Every structure is written in structure tokens, then in C-alpha cells.
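# Test case, fold it:
(chains A and B)
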There are 2 protein chains.
Amino acid sequence: MKFTFSNNLMGMKPSEIRELNKMASTPGLISLGGGMPSPETFPKKDLEEIMDYVMDNYADLALQYGNTLGNEDSRKIIAEMLFKTEGFQTTSKNIIVNSGSQQGLYELAVVLANPGDTIITEEPTYVGAVSAFSANMLRMEGVDIDRHGMIVEKLEEKIKYLMSEGRKPRFIYVIPTFQNPTGYSMDENRRKNLIEISEKYEIPLVEDNPYGQLRYYGNPIKSIRAMKGGENTIYLGTFSKVMTPGLRLGYTVAPDEVMEKFNLIKQALDLATNSFSQYVALEYVRRGIIYRQIEENKRIYRVKRDRMIQALHDHMNGMAEWSEPEGGMFVWATMKEDIDTRAMIPQAIKNGVAYVSGQAFTTRNGQKKSMRLNFTFGTPDQLEEGIKRIKKTVNEHLGR
Amino acid sequence: MKFTFSNNLMGMKPSEIRELNKMASTPGLISLGGGMPSPETFPKKDLEEIMDYVMDNYADLALQYGNTLGNEDSRKIIAEMLFKTEGFQTTSKNIIVNSGSQQGLYELAVVLANPGDTIITEEPTYVGAVSAFSANMLRMEGVDIDRHGMIVEKLEEKIKYLMSEGRKPRFIYVIPTFQNPTGYSMDENRRKNLIEISEKYEIPLVEDNPYGQLRYYGNPIKSIRAMKGGENTIYLGTFSKVMTPGLRLGYTVAPDEVMEKFNLIKQALDLATNSFSQYVALEYVRRGIIYRQIEENKRIYRVKRDRMIQALHDHMNGMAEWSEPEGGMFVWATMKEDIDTRAMIPQAIKNGVAYVSGQAFTTRNGQKKSMRLNFTFGTPDQLEEGIKRIKKTVNEHLGR
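Sure thing, here's the model as predicted:
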């Protein structure tokens, strides 16, 4: 049998991140590559207690097939949590519980666009979004990002140009807070402008907010969904960064007419999200553990973030520029010399360090000189040692 | 904001089954509609113990992001289990762990075919497959099924005809054992012929086997994957029917070159399957609980199956014909009079009973006179009462 495969996947390449996660098990390798939370933040004792409680009280439901859009009580408590942490009001009927936030991205790609359609993202943008959008054959047009987020002035130009070409974008996808991969946040003015542009051109706005709860410095900026006029924004959230990623729980908040479509595609994708995980999350929020854990995670990650930034100052000054994010999980470093960071990876691995090269996040063959550095997974000492090893690798690569 | 949606979902209709599951919570309604296992079969005590064990021994891994294709140990134990229960040999590298078997179907639709391509299924076929294939805009050509399974003689004609039209099918999808919705099994000769045809025309064969472990009567028939020459068959299995559906665990066994593509699409769909669920399943199989539970489920479901068949004889003789399956979860009943079973549903609900009309399972606007009756979820008394209520509804519908 000779298998013939779909063309859909031709644009998709094996993810560098997956490769790196595999390598992360190499003895002695320090991985700054993945986007994993630190196991020390996992609320193990609480989860054990909650799991026992769920099995004692809800076993018949938690082990059974659930509703397509998610368990009603879990969706209610997510709405409550969003009001507390993000300050916007929504109701259970506007929430779908997904098998991780990644599934939310895939659903959007199927529901809001046809194969071949154009969408707008930040440049660079989240590699998983690139993966979900590519799998659905969407054409991504990236709008550059600076330290104040997507350069919204360039967005309107881009939309006009695309419309003149008959390629009106089907949606705009942004990660406005502690963006992946750059760590930058979009300022309030740009958020306002973004809402205006979305409404003016009737192009739906998708706000992905996996890191918003993890702010270490500076004043909170309202999520777009919570701003005046932002009510139509489709909002993606997750339990992966604060509770735990292994239970695969994310959610999308969307207007009624979008929910109907989610209902169809979710049924086709996996029938419904894990019922047990949903009951665990329900108790985890109901008992207020999540609010305690947000503070705990911030305490742990702030120290790590500071250590990585300090290490960059101590070891890579003059060699690279980097973002100094006020929250989230990543630092974005750009080499001053003309280095292809992807080509440099084997050398880095040899030197015992891994990162994700900028190219993984590009919508257009860019970002060669950059790399994404994760600071949540390693210990502070590992983070510093990792930066030293990158420095060594860059020097070797340049023949110094 | 006026949302514009993809055309992809136009062919998809809200699933009748979903509606029925919702109605199943109506007080007093007896639902023969869903495809749910009975909660009395859930191994609650064992799962509670296993969950504690997993949290005590593997918490850091079970709560973390996992490998795209699944946890290595879980895949190994699935291979072991398949050798024991299905009698075929495979290895972990040819197994992907999915968020339920439904996801396996969706993956196949993306990986093996392009939008607009033609595939072959049984007629009628599993509604979830129709949903996954429709979402990817595949054109389904159904080959009729009789009490010995898909009529393979008609398959070759169909393939020749489609090829003459330039529509060579991209794969053949069958549920050969205790088929959903009919309950029929494909006999050994037809299985052999099916393998031959698949090889002759180089059309991949997909065997979906969610019910194979649940045989109540008759002699086991080898799964296609386990037969001589069946090694290239893509095989789908699940933990939903014997362990529990709420943990959303299924798996696909496939040749190396297909696995590479699964790796890409799985990353785009949801990154990886729930790690915690995978560790639970690992222990559940490793401890041998699954083998005990297969026997236990068979004992419970055999009684229910017998009661439903008896009730059909007692109350619907002359009114309908039905399958008398040797295993699985469903009976397929076809009315003798020209009744539209979908149109009859509101009346059935009023009479306190739900079923899924045949139209949900058709690839071509057929099966109007049929209905799928589930016998695993209700109690034996409810099953009999449900059949009585269907009889009453049919009589009312015919103005008797």
C-alpha cells in the first residue's frame, strides 16, 4: 500500500518546539525552548483532594460523555472567574470548554474562514496558531509588533491593501498581553484603535489571553474583551498556565451566533471535552484555589524572569537586544549580528542549551536573528547557565 | 459586528444525538437515543485508587504537557492490550493516543483526503464519522450493508464507477464488528475480500472497532487489522466503551508514514492528549483491570440486549424488523410501514421515549423508516418500557 496524503498539510512543518521538548530529556540539556509551566507550581495536594471529591460526588457524570459545549456548572464558574480576574461579564451560554486553548484556535480557523482565505496576525505570532491556521490552509498576513504591541497604524493600511486585492481578512488574531513569543503587551490606545478598526471594517477580533493572569510588574491593562466596545471580541483563555496543562482545559468566549458554529465543529473534533477535567476545574475555581495559585505562580515566576533578564545583561550585553516583559513566560532576544538562529540550534544543543528560533513564529520567512527564551520551566540557576551557553554558542558560531 | 462563517460547515446539521442527549434529562424520558455506556459499569473504586497512585507517583508528568503522539508507556501498554484482545502485533511508534476515537476520525479526514475528495463508508454509518468527514468537506459514497456487513461485491462496482468519473476514493471506512448503527458484523469472507480490494486499488482501509470487545454471543471474528494481509489497515480503538468515555481516550494504529502526518495534525488540533487520562489508562491496563471489566460489561449488557430483543418480539412483531446483534450497543429497527422516523420524534418525546432516526446515519438521504436503539444505558425495565412507548407512538402516528 502506497499512501497518498492530503495537500492540506504541505505547508506544515514538524514543529521545532516538539523536537525541542523531545531533546529536553537529554541529560544535562537546559531547555529554554518549550512553553511549559514549572511543575513546582502544580497544586498537587489540592488536586488530589479535588479528584477524590469529584469521584465521591460526581463520578457518574465525570466519567460519562459530557455536553458538546461543556458542563454547565463549569461554564458558569468560568464566567464568574472571568468577571473576577478580567473584569468582563459573560454567561455560560457564551462559553465553550475546549481540549486546551489550542483546540479553540483550530475551531476558529474552521468556523470563521474558508481554505485559502486571508487572516491577520501579529508578526511574529504564536507557533501553535500558525499550526492551526496552516492546517486549515489560511493565508496569514502578519502586522509587525513593537514594544507597545501590534503596530495598529500599519494594520489599517494592510486591511485596505488586502481589500483592494479582494482578500478581505476573515479575522484578526492577537495576543495583546505578554505576547507569545515577544513578551510585549499592547498599550491601551492601540487596543482602542484595534476595536475601532475591527468594527469599522466588520472584521472579527480574536483575543488570545493565556498569560494575562501572570503579571509581575507594572499596571494591569484591561483585556480587549473587557474594554468599552470590546463585547464582540472572541476571547480565548486556558487553565494550562495557572492550574495545569496536563488536564487539557481551555475555553472560548464568543457571541451567540459563533457558539452555534462551535457546537457543530466541536462535535466533529472530539464530541466533547474531558468531563473529569471539567469537574476538577469547577472545584478548583469554586474553592478559590486558583486565585491563591495565581499569586503563588507570580511570586515564583517573577524571580525567574528577573534572573533571566539579569543574566542577559551580565552575559549578552552588546551581543543581543531583548524584551523585558512585565509578565508571561517568554523573553524575545534578537542578535545584533546577522545570525541564523535556526541553523545555530545543533551547536546550541551540543553546548547543552535549547531555545526556539524566531523562524518558528513568523508568518513570512522572517525573524531569523531572534530566539524565544522561556523562563518559567528551568530553575533560576539553570536559566543563568542557559544564557551563558547561548553566549558561548553565538561566539563559536561567529568564529570568535 | 456581523459574523460571516465558513462554508465548510454548511453541510453539517446540529446532531440529532446531541439534541436527544439534552432531552434525556427530561424527567421520565427513556432515552434509547445516545450511545452511552451504563454508569454501573464504570470501575469507580479502581479508578479512584489509580488516580491516587498516579498523583503520588507521576504527578509532575501527568499534569504537564505530554508528547504529541502520546505518552510512550501508555502507547506500549496499548500495543500489549491489542495483542491480547485483538491478536495483532504492533509497537508504540505506530500508535497515536487521541482525545477520544472521534478525534481519530477527524485526523484521518484531514490527513488522507483533500476537501472535495470522495471516500467510501458503509450505508448507514456512524453519525460521528459523517460529522468529521463533512466538516472536512469529503463526499461520502455509501455501500449498502446487510446482516453480513458491507456488501463487498457492491464495493468493487462502486470503486470502478467512481474511478471512471475521476473520483478515486481516498479511503474506505468500515466498522466491521457490531456496526454502528446496525449492530451487524462483517463475515470473514467479506473481510478477506475487502483487504484484497483495498490492496488491488491501493485505497487505504480504515477499521473502526469501538465495540469489538463487547461480544455476547457467537464466535469471535478476527479484526481486519489482525487478518493476513491486513497489516496496512488503519485501526481505531477506544477506552470509552470499556473503561469510561469521560476521560476521552482513543487511539489509532497506523503504518509509519501515516504516523508522521498524524504528528502534524495532532499538534494543530490540541497539542497532545490529556496526560492524566493517559496515565490512568496505563495503570488500568497494566493492572489487568480492563480484562476483568470486559467480562463484567459483557455480563451486564448481554442481559440488556436480550431484554430489548425480547421486548421487540413481544411488542413490535409485525410492525418492524430489527437486527439481533451478537454484541455492541445498538439494535437497528426498520418499520414495515412507510414512516418517517425523524418526523415522528416529537411525538415519541411526548410519549416519553427517544431514539435516533435512521436519517442521522445516512450518506444519501436514506434510512427514513429506520431507527437506532441503544440498549446499554437504560435499565432492562426501562428498555422494555421504551419499546412499548415506541409501539404506542407508531400506532398513534399511523392513526391506529
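# show me where the stretch 51-200 of chain A has helices.
Remark: helices assigned in the stretch 51-200 of chain A by DSSP state H, counting those that start in this stretch are A:72-85, A:101-112, A:127-135, A:152-164, A:188-201.
# residues of the helix or strand that contains A:Leu264 that come out buried?
If you go by DSSP states H and E, A:Leu264 is part of helix A:256-270. The neighbour-count check on helix A:256-270 (16 or more other CB atoms under 10 Å in any protein chain shown) flags A:Val258, A:Met259, A:Lys261, A:Phe262, A:Asn263, A:Leu264, A:Ile265, A:Lys266, A:Gln267, A:Ala268, A:Leu269, A:Asp270 as buried. Heads up, the C-betas are built off the backbone N, CA and C, glycines and all.
# and those residues near chain B, which?
A:Val258, A:Lys261, A:Asn263, A:Leu264, A:Ile265, A:Gln267, A:Ala268, A:Leu269, A:Asp270 (CB under 8 Å from any CB of the partner chain).
# how much space between the fifth one and B:Asp256?
So the one you mean is A:Ile265. 30 Å (CB to CB, to the nearest Å).
# what's the answer for the last one, then?
Counting by CB to CB, the separation of A:Asp270 from B:Asp256 is 25 Å.
# near chain B, which residues of the stretch 101-250 of chain A show up?
So the stretch 101-250 of chain A meets chain B at A:102-103, A:106, A:110-115, A:128, A:131-132, A:134-135, A:170, A:198-199, A:202, A:204, A:232, A:240, A:244-248 (CB under 8 Å from any CB).
# if we can go back for a sec, quick one: name whatever helix or strand follows the helix holding A:Leu264.
Helices and strands here follow DSSP H and E; after helix A:256-270, the next one along the chain is helix A:275-286.
# Could you figure out how far that next one is turned away from helix B:275-286?
Computed by axes from the mean of the first three to the mean of the last three CA atoms, to 10 degrees, the angle separating helix A:275-286 from helix B:275-286 equals 130 degrees.
# Surely A:Leu312 is in a helix?
Yes: under DSSP: H, G, I helix; E, B strand; the rest coil, A:Leu312 falls within a helix.
# Cross-check the contact I'm expecting between it and A:Ser323.
No: using CB atoms under 8 Å, A:Leu312 is not in contact with A:Ser323, being 9.9 Å away.
# Any chance you could list residues touching both of the two?
When contacts are counted by CB atoms under 8 Å, 6 or more residues apart in numbering or on different chains, A:Leu312 and A:Ser323 have A:Val331, A:Ala333 as shared neighbours.
# about what we covered before: now distance to A:Asn67 and pLDDT too, for the buried residues of helix A:256-270, in JSON lines please.
Output for the buried residues of helix A:256-270, formatted as JSON lines (distance: CB to CB, whole Å; pLDDT from 0 to 100):
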{"residue": "A:Val258", "distance to A:Asn67": "17", "pLDDT": "95"}
{"residue": "A:Met259", "distance to A:Asn67": "12", "pLDDT": "95"}
{"residue": "A:Lys261", "distance to A:Asn67": "16", "pLDDT": "94"}
{"residue": "A:Phe262", "distance to A:Asn67": "12", "pLDDT": "95"}
{"residue": "A:Asn263", "distance to A:Asn67": "10", "pLDDT": "94"}
{"residue": "A:Leu264", "distance to A:Asn67": "14", "pLDDT": "93"}
{"residue": "A:Ile265", "distance to A:Asn67": "15", "pLDDT": "95"}
{"residue": "A:Lys266", "distance to A:Asn67": "10", "pLDDT": "96"}
{"residue": "A:Gln267", "distance to A:Asn67": "10", "pLDDT": "94"}
{"residue": "A:Ala268", "distance to A:Asn67": "15", "pLDDT": "95"}
{"residue": "A:Leu269", "distance to A:Asn67": "14", "pLDDT": "97"}
{"residue": "A:Asp270", "distance to A:Asn67": "13", "pLDDT": "97"}
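# Could you report the neighbour count for A:Glu202?
Counted with other CB atoms under 10 Å in any protein chain shown, residues neighbouring A:Glu202 total 12.
# A:Asn7 now?
A:Asn7: 11 neighbours (other CB under 10 Å).
# Next, count neighbours for the closest residue to it other than its chain neighbours.
Leaving aside its sequence neighbours, A:Asn7 sits nearest to B:Asn114 (CB to CB, 6 or more residues apart in numbering or on different chains; 5.5 Å). Residues near B:Asn114, counting by other CB under 10 Å, number 17.
# hmm, who's touching the strand ranked longest in chain A?
Scanning chain A for the strand with the most residues, using DSSP state E, yields strand A:139-146. With CB under 8 Å, 6+ apart as the test, strand A:139-146 has contacts from A:116-125, A:130, A:133-134, A:150-152, A:154-155, A:158, A:162, A:167, A:169, A:179, A:182, A:184, A:362-364, A:366.
# Buried among these? Need that as a selection in ChimeraX.
Here is the ChimeraX command that picks out the buried ones among the contacts of strand A:139-146, judged by 16+ other CB under 10 Å:
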select /A:117,118,119,120,121,122,123,124,125,130,133,134,150,151,152,155,158,162,167,169,179,182,184,362,363
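# Low-confidence stretches in the stretch 1-150 of chain A?
Within the stretch 1-150 of chain A, the stretches with pLDDT under 70 are A:10-25.
# Let me see the ranges of the strands in it.
Listed in chain order, the strands found in the stretch 1-150 of chain A under DSSP state E, counting those that start in this stretch are A:30-31, A:95-98, A:118-123, A:139-146, A:149-150.
# Can you add distance to B:Asn395 and give those back as JSON lines?
Shown next, in JSON lines, are these (distance: least, CB to CB, whole Å):
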{"stretch": "strand A:30-31", "distance to B:Asn395": "69"}
{"stretch": "strand A:95-98", "distance to B:Asn395": "41"}
{"stretch": "strand A:118-123", "distance to B:Asn395": "55"}
{"stretch": "strand A:139-146", "distance to B:Asn395": "58"}
{"stretch": "strand A:149-150", "distance to B:Asn395": "65"}
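# partner residues bridging A:Tyr251?
A:Val97, A:Gly237 (DSSP bridges).
# Can you report how many residues neighbour it?
27.
# quick one, what contacts it?
A:Gly70, A:Arg75, A:Ile78, A:Ile95, A:Ile96, A:Val97, A:Asn98, A:Ser101, A:Gly104, A:Leu236, A:Gly237, A:Thr238.
# Got the phi and psi for the closest residue to chain B within the stretch 301-400 of chain A?
Among the residues of the stretch 301-400 of chain A, A:Phe377 lies closest to chain B, at 9.6 Å counting by CB to the nearest CB. Main-chain dihedrals, A:Phe377, degrees, to the nearest 10: phi -80, psi -50.
# shouldn't it be in contact with A:Gly34?
Yes: counting by CB under 8 Å, A:Phe377 touches A:Gly34, with 6.2 Å between them.
# joint contacts of those two?
If you check A:Phe377 and A:Gly34 against CB under 8 Å, 6+ apart, no residue is contacted by both.
# Could you say which helix or strand holds the closest residue to A:Leu108 other than its chain neighbours?
Spatially, and ignoring its direct neighbours in sequence, A:Leu108 is nearest to A:Val206 (6.0 Å; CB to CB, 6+ apart). Using DSSP H and E, the element containing A:Val206 is strand A:205-208.
# which helices and strands sit right next to that strand?
helix A:101-112, strand A:172-174, helix A:188-201, strand A:234-238 (3 or more CB pairs under 8 Å, 6 or more residues apart in numbering or on different chains; DSSP states H and E).
# Please name the strands paired to it in the sheet, noting orientation.
Checking strand A:205-208 against DSSP bridges gives partners strand A:172-174 (parallel), strand A:234-238 (parallel).
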